[in-house]
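Student: Quick one, structure for this:
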Amino acid sequence: MRHGSSPKGKINITGFFVLGFMLLLIVGAVLTGFFFKGEEKLRVAMRNGQNVSFLVCGYNEEKVIKGGMVMIFNAKTNRIATIAVLPKTFLSYSRMENFTLEEALNKKVSFDNIRASVSKIIGYDINYYFFIQESNLIRLIDIMGGIEIYSNEIKDSPKDTYIPAGITLLDGDKSMEFLTYKAGDSIDEEYDQFKRLNDYVRNFVKLKSDFAELFNDDVAAGLLYKTVTTNMSQDDFMIFFTEIRTRYQAGYTDFSRGMNNLILYCDKKAMPGYDYILQAKNSGDWIKKELGDALENIKNEKADTAENNIVVEILNGTDIAGFAVRTKRYLSTFGFDILEIGNAQNEAEYTVVIMRTQEQKATKLAELINCKRVIQGEPYSDKKIDVTLILGRDFNGKMVK
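Tutor: Purely as a prediction, here's the structure:
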């Protein structure tokens with residue numbers, strides 16, 4: 001009997017294996033389709049001109065987050081909205097889980113819960129997170145050949161900090177010095193730091209002429225992707241990178257154009273266990289409204305038009321006498337209202353256009369004189385000037401050489 005029943009048992013066992021294998025194939029096919037659709041989701045968003053959003057945070061060797069920024073990229077207009085988040089901003093992802101951004105990693109808050117907490121406070125679901133250690137960011141900036149910024153002089157001997165006035169090329173270490181410097185602990189000085197961050201990001205997303213040469217597929221997948229901790233798959237990372245490179249090759253190299261920069265403004269509060277925390281103004285309602293306006297702005301192909309009158313001040317950064325006066329005559333023929341002329345505080349190698357009010361006004365002047373260096377400046381409180389033009393040695397009286 002045993003001998004006679006053995007083949008039947010083998011057939012049954014074999015049948016189970018066959019059925020199991022078929023089931024695995026079916027499940028595998030379903031899962032493959034699911035993951036394929038997941039990977040295609042980003043490509044579809046990019047092709048359909050939807051928003052793609054990121055939370056980018058930098059942290060040091062002690063795992064203290066030094067700052068965060070939300071970046072929302074509109075794939076149709078190539079315009080970006082950003083929100084700078086201060087390290088001491090108080091966050092939560094449940095009633096029982098509260099923390100400041102800077103301490104999140106040391107409190108063992110997961111990367112995804114940090115993303116969810118920032119999403120909650122700004123009222124917008126962030127798609128991806130990128131966390132990068134300071135040493136990796138320094139290396140990345142050095143590979144890029146540094147970032148060119150325009151700055152007021154920062155000189156603080158006790159803190160071993162010095163950034164010269166004017167246009168400066170910052171390598172990785174100098175970039176960290178520029179980005180992390182705070183003169184004191186007041187909230188205004190925290191905001192000053194993040195205004196510098198906004199200016200720095202504007203220059204970071206102006207892709208250089210050697211971008212495609214420096215960052216090929218091997219570098220993107222083998223170096224860039226490995227320098228960050230992210231919830232974005234490598235396939236999705238390469239899809240996004242390829243889309244940006246395609247835009248670059250089509251001639252769109254300056255992703256700072258039309259950028260809307262916001263700061264998550266907060267109130268300083270005392271709380272047990274902390275020196276102080278920062279709570280979002282009006283429980284986050286203020287930033288939600290500001291972000292709503294910014295999202296509407298980046299949907300438009302061009303910045304909103306305003307009155308045509310453009311008020312300019314011209315500052316001569318060269319040793320050519322009367323250069324500002326000659327430039328005033330020239331620009332006036334194009335309808336610019338030249339309110340003031342004078343000498344720049346320092347000699348300027350390069351011509352710079354500084355936007356004081358609306359970006360489109362600064363862009364109009366910059367395009368006329370072929371000036372590629374357009375930076376954000378503080379608005380004047382005592383006079384209405386839209387644009388400051390600093391004449392450098394590269395200006396021939398009509399355009400930048």
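Student: Contacts only, for residue 171.
Tutor: Residue 171 makes contact with 141-142, 146, according to C-beta atoms under 8 Å, 6 or more residues apart in numbering. No exception for glycine: its C-beta is placed from N, CA and C like everyone else's.
Student: For it, give me the pLDDT.
Tutor: Among the per-residue scores, residue 171 shows a pLDDT of 96.
Student: Would you mind giving the contacts of residue 171 as a markdown table with secondary structure added?
Tutor: Shown next, in a markdown table, are the contacts of residue 171 (DSSP: H, G, I helix; E, B strand; the rest coil):
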| residue | secondary structure |
| --- | --- |
| 141 | helix |
| 142 | helix |
| 146 | coil |
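Student: so which of those comes closest to residue 278?
Tutor: Taking C-beta to C-beta as the measure, residue 278 lies nearest residue 141 of the contacts of residue 171, at 27.4 Å.
Student: Can you get me a residue count around the closest one?
Tutor: 19 (other C-beta atoms under 10 Å).
Student: and the gap between it and residue 230?
Tutor: 18 Å (C-beta to C-beta, to the nearest Å).
Student: Which one of the contacts of residue 171 is nearest to residue 194?
Tutor: Using C-beta to C-beta, the contacts of residue 171 come closest to residue 194 at residue 141, 18.3 Å.
Student: so who does the closest one touch?
Tutor: Contact analysis of residue 141 by C-beta under 8 Å, 6+ apart lists 147, 170-172, 175.
Student: Also residue 90?
Tutor: Per C-beta under 8 Å, 6+ apart, neighbours of residue 90: 98-100, 269, 271, 277-280.
Student: Can you spell out which residues form a bridge with it?
Tutor: In this structure, residue 90 bridges to residue 100 when assessed by DSSP bridges.
Student: can you check residue 278 too?
Tutor: Assigned bridge partners for residue 278, using DSSP bridges, are residue 89, residue 268.
Student: So it versus residue 116, what's the distance?
Tutor: Taking C-beta to C-beta, one finds residue 278 at 19 Å from residue 116.
Student: lowest average confidence, helix or strand, in this protein?
Tutor: None of the helices or strands of the chain scores lower by mean pLDDT, DSSP states H and E than helix 2-47, at a mean of 56.
Student: Quick one: residues in contact with the following helix or strand past that one.
Tutor: Downstream of helix 2-47, the next assigned helix or strand under DSSP states H and E is strand 51-59. If you take C-beta under 8 Å, 6+ apart as the criterion, strand 51-59 is touched by 42, 45-46, 65-75, 101, 105, 114-115, 118-119, 124-134, 137, 240, 295, 298.
Student: per-domain residue ranges of the chain.
Tutor: Using automatic domain parsing, the domain parsing of the chain gives 1-48, 51-299, 311-391.
Student: With distance to residue 400 added, can I get those domains in JSON lines?
Tutor: Putting the domains of the chain into JSON lines (distance: least, C-beta to C-beta, whole Å) gives the following:
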{"stretch": "domain 1-48", "distance to residue 400": "34"}
{"stretch": "domain 51-299", "distance to residue 400": "13"}
{"stretch": "domain 311-391", "distance to residue 400": "5"}
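Student: quick one: which of those domains is nearest residue 401?
Tutor: The closest of these to residue 401 is domain 311-391. By C-beta to C-beta, the value is 8.4 Å.
Student: Quick one: end-to-end length of the closest one, please.
Tutor: Terminal residues of domain 311-391 are spaced 16 Å apart (C-alpha to C-alpha, to the nearest Å).
Student: hey, where'd the strands end up in the stretch 101-250 of the chain?
Tutor: Counting by DSSP state E, counting those that start in this stretch, one finds strands in the stretch 101-250 of the chain at the ranges 128-133, 147-151, 154-156, 161-163, 166-170, 228-230.
Student: Which elements pack onto the third one?
Tutor: In this case it means strand 154-156. Packed against strand 154-156 by the contact rule (3 or more C-beta pairs under 8 Å, 6 or more residues apart in numbering; DSSP states H and E) you find strand 161-163.
Student: Just the buried residues of the strand it packs on, please?
Tutor: 161, 163 (16 or more other C-beta atoms under 10 Å).
Student: quick one: contacts of that strand?
Tutor: Against strand 161-163 from outside (C-beta under 8 Å, 6+ apart): 151, 153-156, 170, 174, 177-178, 181.
Student: Report the buried members of those.
Tutor: Using 16+ other C-beta under 10 Å as the burial test, those include 151, 154, 170, 174, 177-178, 181 as buried.
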